[in-house]
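Q: Quick one, fold the following:
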Amino acid sequence: MMIVLAALAAGSGLSGREQWLAPTGGSGAGTPAAADPASALARLAQEFWDGHLDAHPVHATFIGLRRYDARLDDITPAGRARNQARLEDLLRRARLISEKDLGPADRLTRSALITEIEGQLAGLECGIDLWAVDPLEGPQVSLFNIEAFQPVRSFEEGGAMVERWRAMGPYLDAHVANLRRSLAEGKAAVRDLVVKAIDEIEELRARPDAEWALLKPLETPHPDWPEARRAGFRKDLTRAVAESVRPALERYGRFLKEEVLPRARPQERAGLINVSGGLDCYRRLIRLHTSLDLTPDEIHQTGLDEVARINREMDVLGKKVLGLGDRKEILRRLRTDPALYFKTRDEVAAKAESALARAGAAIPAWFGRLPRAGCEVIRLEPHEEKNSTIAYYREPAPDGSRPGRYYINTYAPETRPRYEAEALAYHESIPGHHLQIAIAQELTGIAEFRKFTGVTAFVEGWALYTERLADEMGLYSADLDRIGMLSYDAWRACRLVVDTGLHAKGWTRRQAIDFMLANTALAENNIVNEVDRYISWPGQAVAYKTGQLEILRLREEAKRRLGGRFDIKAFHDAVLENGAVALASLRQAVEEYIRRASAHP
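A: I've put the predicted structure just below:
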C-alpha cells in the first residue's frame, strides 16, 4: 500500500494527438526565493511535489491529477539519473534549513520531506526494479491496471489515453533493456517469479485485444461526442493496443523465456543476500519502510516472539470454537473443512460488502474525524487475480470523482476462507486503510506531498492495528471470525521472520512457505503468493507489525499516563491528524495529545 513509484516520467518521443482531438496547452511560473526558513521550506516542499508528479505521471493520474495522463514513467538509465540528481539536490537543500528556526508544524514537514526523499533515493540506488521480475506489479499487470483509474470524460482525456497507451510499447522495451543490462552484471530474477510472469503474459496473449482491460474505455458510449470523434478515439486506442502494446508484450515474454529464465536464480537463493550488495540494500529498505534503524536480527526475533504469543491465543480460541486442543489439528481443520470456505465469487464479494457496511456504521463512536470520501468493494480483474494477493486498497481521487476502493480477489473462491473475510475487510477498508488514507488526503494546512506519501510502517501498521480494534468495536460476527483475526495477526508476525529469513539469513522459498504453513491458517495458494511478494518487495513486509506494535505501545502509554482522561476518539484523531508520518514523529504527536489532555481536566 502506498508504494511510491520509482521511475521518472517520459519527457519526449510521444506522438502528437490525432486530428479528432483539439490541442491543449499549459504554462507554469517560477516561485520567488523565500526570505525566511518557513517560507523556504514551503517552497521546497512544493518543488518536491511538483517534481514528484512530473517524475511519476501514473501516480499523478492515480490520485486524480489529470494533466500528466499522456505519459508513463521514464525508466531508462537517463531518466533514472535525472530523477536521482533532482532528489539529491532537494535533500541537500532540505537539510540546510535549520530545524531550530521552525515551528512544530514546519519541523514535522521538514522531517517528512527528508524521510520521503531519502526513501525514494534508497529505492533508486538499490535498483531492485532493474533486475526483478514481479508477477504482482510488473508491467504485465501494472500497465493493464491504469484504465481503472484513468476515466475518459473529454476529448482531451481521450487523446492523452491514446498517447499513454502508445507509450506502453517503448516502456516495455525499456524494461527489457534494464533486465538485460542487469543480467550482464550478474543480477538475475528468481525463477519461480519469472515462471509466474511468463504465465501471466501467455494468458494475456491468448485473449483477443477486445477482452483486454486496456480497451474497456471503449465501452463508455460518450453520447455527447460527435460520431467522428467517437470513431476516431475507438480507432486510435485500438491501434495503440494492436501496434504498440501487444507486440512489445510478446517481445517481453520471449525475452523472459529465452534470456531470463535460463539464468534465473533458483528458489534456494531467493533472497537479496544472494545478490551482490543485497544485504546492504536490504538494511536500507528496512529503514525506508519502517523509518527506524532496526537490524534484521532484531526484527527476526520480534517476529518469533510475536508468533509464539499469538499461537498461544490461537490454542485457546481454537479449543473453544472447534473443540480441538492441538494447534496442528486446528490449522488442519481450518484449511481442509469445506464448510469454512466460500463456494462462489459472489459470496466472497457479498461478505466484503456487508463487513464494510457494518464498520461504516460503527466508526462515529470511535473517531472524531471522519473522511468525506466513501469506499466501495471492487473485484480484481482477470489479468491479475490468479497471482495476486488476497486483496488491496486504492485511495480515492481528491476531486471526488472516484471513491476509495477495496479490491477483493474472488479467484478460486473455494480457497478463500469465510473466517478471514471480516479481518481482511476491516484492514483494507474501514477502519483500516480507507479511514486513514482518505483522512490524510482531506487534511488542510499541511504540505501537499504529506497527503499522498508516507511511511509504510504507519500506513500498514495502522491497518493492522484496526484488525484488533475491530474486535473492541464489536464488529466480528462470531468467535470463528476472531480466529481469522488471530490468523491474520500471526501472518504479519510471520512476515517479520520470513522477510528477514529470506533476505538476511539465506532462507529458501520453500523454507519460508513451510514456516507460514506451520504458523498461520492461510491457505497454501495464498501463502505461496505472499512469499513471492516478499521476494519481490524486500523490506515492505516488516512494516506491518513494526507499525502496529508502536501504535499499541503509544496507546498503552497514553492510557497509563492519562487514566480517566484518556479518550479513544481523541487518541485516534491524534494518530491520524498529521498524515502517514515517521514513527518518531508519531510518538511526538501522541506526546502532544497527552500534554493537551493532561492540561484540560
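Q: going forward, measure contacts and count neighbours with C-alpha atoms only.
A: Will do.
Q: Can you classify S276 by secondary structure?
A: Secondary structure, DSSP: H, G, I helix; E, B strand; the rest coil: S276 is coil.
Q: quick one: contacts for it?
A: K187 (C-alpha atoms under 8 Å, 6 or more residues apart in numbering).
Q: Roughly how far does it sit from Q540?
A: Noted for S276: a distance of 20 Å to Q540, by C-alpha to C-alpha, to the nearest Å.
Q: again, but for R312
A: 26 Å.
Q: With G563 instead?
A: G563 is 35 Å from Q540, by C-alpha to C-alpha.
Q: out of these two, which sits in the more crowded spot?
A: Each of G563 and Q540 has its neighbours counted (other C-alpha atoms under 10 Å); Q540 has more, 24 against 11.
Q: Quick check: chain neighbours aside, which residue is closest to that one?
A: In this structure, Q540 finds its nearest non-sequential neighbour in H289, 5.7 Å apart by C-alpha to C-alpha, 6 or more residues apart in numbering.
Q: residue contacts, the residue nearest to T302 when sequence neighbours are not counted?
A: Excluding the flanking residues, the one nearest T302 by C-alpha to C-alpha, 6+ apart is L496, at 7.3 Å. Going by C-alpha under 8 Å, 6+ apart, L496 touches 299-300, 302-304, 541-542, 545.
Q: quick one, domains of the chain?
A: 1-20+33-126, 127-265, 283-547 (automatic domain parsing).
Q: can you give me the end-to-end distance of the second one?
A: Length of domain 127-265, first residue to last, C-alpha to C-alpha: 17 Å.
Q: Endpoints of stretch 318-331, how far apart?
A: 9 Å.
Q: and that stretch, how far out from the chain's middle?
A: Offset of stretch 318-331 from its chain centre (C-alpha atoms, centre = their mean, to the nearest Å): 34 Å.
Q: Name the residues that touch that stretch?
A: So stretch 318-331 is in contact with 311, 314-316, 479-480, 483, 518, 520-521, going by C-alpha under 8 Å, 6+ apart.
Q: Just list what the longest helix belonging to the chain packs against, helices and strands only.
A: In the chain, with assignment by DSSP state H, the single longest helix is helix 155-184. Helices and strands touching helix 155-184, by 3 or more C-alpha pairs under 8 Å, 6 or more residues apart in numbering; DSSP states H and E, are helix 227-240, helix 246-255.
Q: List the buried residues of the shortest one.
A: When burial is assessed from 16 or more other C-alpha atoms under 10 Å, helix 246-255 yields the following buried residues: 246, 248-253, 255.
Q: biggest separation within those residues, which pair?
A: The span of those, defined through C-alpha to C-alpha, is set by R246 and F255 at 14.2 Å.
Q: Secondary structure element holding the residue lying closest to E460 once chain neighbours are set aside?
A: Spatial nearest neighbour of E460, chain neighbours left out: Y544 (4.9 Å); criterion: C-alpha to C-alpha, 6+ apart. Element membership of Y544, judged by DSSP states H and E, is helix 543-562.
Q: For the stretch 301-450 of the chain, which residues score under the pLDDT cut-off?
A: Across the stretch 301-450 of the chain, not a single residue meets the criterion (pLDDT under 70).
Q: Comparing the domains of the chain, which comes out most buried?
A: Mean neighbours per residue, mean count of other C-alpha atoms under 10 Å, is largest over the domains of the chain for domain 283-547, with a mean of 20.
Q: how far does that domain stretch from start to finish?
A: 17 Å.
Q: Check stretch 419-434 too.
A: 22 Å.
Q: For the residue nearest to E460, give me the pLDDT.
A: Predicted confidence (pLDDT) for Y544: 97.
Q: Pretty sure it sits against G461.
A: Yes: assessed by C-alpha atoms under 8 Å, Y544 is found in contact with G461 at 4.5 Å.
Q: helix or strand for Y407, which one?
A: Y407 is part of strand 404-408, with elements assigned from DSSP H and E.
Q: How far off centre is that strand?
A: With C-alpha atoms, centre = their mean, you get 12 Å for strand 404-408.
Q: got it, and stretch 500-510?
A: Here the centre of stretch 500-510 is set off from its chain's centre by 22 Å, with C-alpha atoms, centre = their mean.
Q: what's in contact with that stretch?
A: The contact list for stretch 500-510 (C-alpha under 8 Å, 6+ apart) reads 267-274, 278-279, 282, 296-297, 299-300, 498, 512, 531-532, 535, 538-539.
Q: hang on, H383 is in a helix, isn't it?
A: Yes: H383 sits within a helix when classified using three-state DSSP.
Q: ok, now which ones touch it?
A: Neighbours of H383 in contact, by C-alpha under 8 Å, 6+ apart: 141, 144, 200, 203-204.
Q: could you check the distance from A541 over to T290?
A: On the measure of C-alpha to C-alpha, A541 and T290 end up 10 Å apart.
Q: show me where pLDDT drops low in the stretch 501-601 of the chain?
A: Within the stretch 501-601 of the chain, the stretches with pLDDT under 70 are 601.
Q: ranges for the helices of it?
A: Taking DSSP state H, counting those that start in this stretch, the helices of the stretch 501-601 of the chain run over residues 509-519, 524-536, 543-562, 568-576, 583-599.
Q: re earlier: from what I can see the residue nearest to Q540 touches W537, true?
A: No: counting by C-alpha under 8 Å, W537 is not a contact partner of H289; they are 10.6 Å apart.
Q: Give me the nearest residue to A570, chain neighbours excluded.
A: Nearest residue to A570 in three dimensions, chain neighbours excluded: G368, at 6.8 Å (C-alpha to C-alpha, 6+ apart).
Q: isn't there a helix covering that neighbour?
A: No: with three-state DSSP as the criterion, G368 is coil rather than part of a helix.
Q: give me phi/psi at it?
A: Phi and psi for G368, reported as degrees, to the nearest 10, are phi -80, psi -40.
Q: Run through the residues that contact it.
A: G368 touches 569-570, 572-573, counting by C-alpha under 8 Å, 6+ apart.
Q: and with 7 Å instead?
A: By C-alpha atoms under 7 Å, 6 or more residues apart in numbering, G368 lies in contact with 569-570, 573.
Q: circling back: let me have the domains of the chain in TSV, adding distance to Y593 as columns.
A: Compiled in TSV, these are given as follows (distance: least, C-alpha to C-alpha, whole Å):
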stretch	distance to Y593
domain 1-20+33-126	14
domain 127-265	37
domain 283-547	14
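Q: For A599, which of these is the nearest?
A: domain 1-20+33-126 (18.7 Å).
Q: Now find how far off-centre that closest one is within its chain.
A: Relative to the mean C-alpha coordinate of its chain, domain 1-20+33-126 is positioned 18 Å out (C-alpha atoms, centre = their mean).
Q: what about W225, which SS state?
A: Three-state assignment for W225 (three-state DSSP): coil.
Q: Noted, bye for now.
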